[in-house]
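Asks: Predicted model and sequence below, questions to follow.
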Amino acid sequence: MGKTKRAQWALLGALLIGIILYGVYRGVPISQGGKDFASFAAGPLKGLEIAKEPIPQPPNSFAGPDGAPTQLSAFHGKVVLVNLWATWCAPCVTEMPTLAALQQGLGDKDFKVVAISVDKANEAEAAKKELADLSKGSLTFYHDPKMAIVYPLKARGFPTSILYDRQGKELARLAGEADWNSPEARALIQAAMEQ
């Protein structure tokens, strides 16, 4: 094989490797707005899935604290951690105090935990009381008994937590129980708030 032929094969090989690497990095972006959110998918947040593209919030309504319909867009301007939960879900109940601690520690005009119960309509009062007990009153009760917001959010079970930026675009999600008061979780929320 001549030098020219080897050089052509080497160039072709390098080109193929470049195309493959480009496809891998393009298909799995790990950074949103300059922040490397993939680095948070470890320890207590090991199941964290980073949004490949900014996904807008669905416009569907759910019940607000007063029972009136509200939407996720009502929280634009804040970083929001939506938590889909139910009283019959043991992992949901276990993680709720950590969400409450996160809200107490970081919640203000820039961040809010929005805990949306999927309990049946006739169980709303019991769910509201349980949330108040679990969170020591630090979380507001939202309710979606018909799962009008759950299905468009494509939750794969309960609990599911979805992190949104100030414009209402999904940054990351975690299906399953997590310690939301861990240093890793707090660092994730801080990074989202700094965008």
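Replies: Alright, I've got the coordinates.
Asks: May I ask which helix or strand of this structure has the lowest mean pLDDT?
Replies: Each helix and strand of the chain was given a mean pLDDT (mean pLDDT, DSSP states H and E); the minimum falls on strand 31-32 at a mean of 40.
Asks: element containing the closest residue to G107 other than its chain neighbours, please.
Replies: Leaving aside its sequence neighbours, G107 sits nearest to V113 (C-beta to C-beta, 6 or more residues apart in numbering; 6.5 Å). Bear in mind the C-beta positions are built from the backbone N, C-alpha and C, glycine included. Secondary structure assignment for V113, by DSSP states H and E: strand 111-117.
Asks: so what does that strand touch, helix or strand wise?
Replies: Secondary-structure packing of strand 111-117 (3 or more C-beta pairs under 8 Å, 6 or more residues apart in numbering; DSSP states H and E): strand 79-85, helix 90-106, helix 124-135, strand 141-143.
Asks: Please work out which of these is packed deepest.
Replies: Each of those was given a mean neighbour count from mean count of other C-beta atoms under 10 Å, and the largest, a mean of 24, is that of strand 79-85.
Asks: Report the angle between that one and helix 124-135.
Replies: 120 degrees (axes from the mean of the first three to the mean of the last three C-alpha atoms, to 10 degrees).
Asks: Residues contacting strand 79-85, please?
Replies: 72, 92-93, 95-96, 99, 102, 110-118, 144, 150, 153, 155, 158-166, 168, 180, 189, 192-193 (C-beta atoms under 8 Å, 6 or more residues apart in numbering).
Asks: Now a PyMOL select for only the buried ones of the residues you listed.
Replies: Buried subset of those, written as a PyMOL selection, criterion 16 or more other C-beta atoms under 10 Å:
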select buried, resi 72+92+93+95+96+99+102+111+112+113+114+115+116+117+118+144+150+153+155+158+159+160+161+162+163+164+165+166+168+180+189+192
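Asks: what residue ranges in this protein score low on pLDDT?
Replies: In the predicted model of the chain, residues 1-2, 7, 10-35 satisfy pLDDT under 70.
Asks: what's the domain layout of this protein?
Replies: 1-29, 33-193 (automatic domain parsing).
Asks: ok, now which ones touch P145?
Replies: 63, 118-121, 123-124 are the contacts of P145 under C-beta under 8 Å, 6+ apart.
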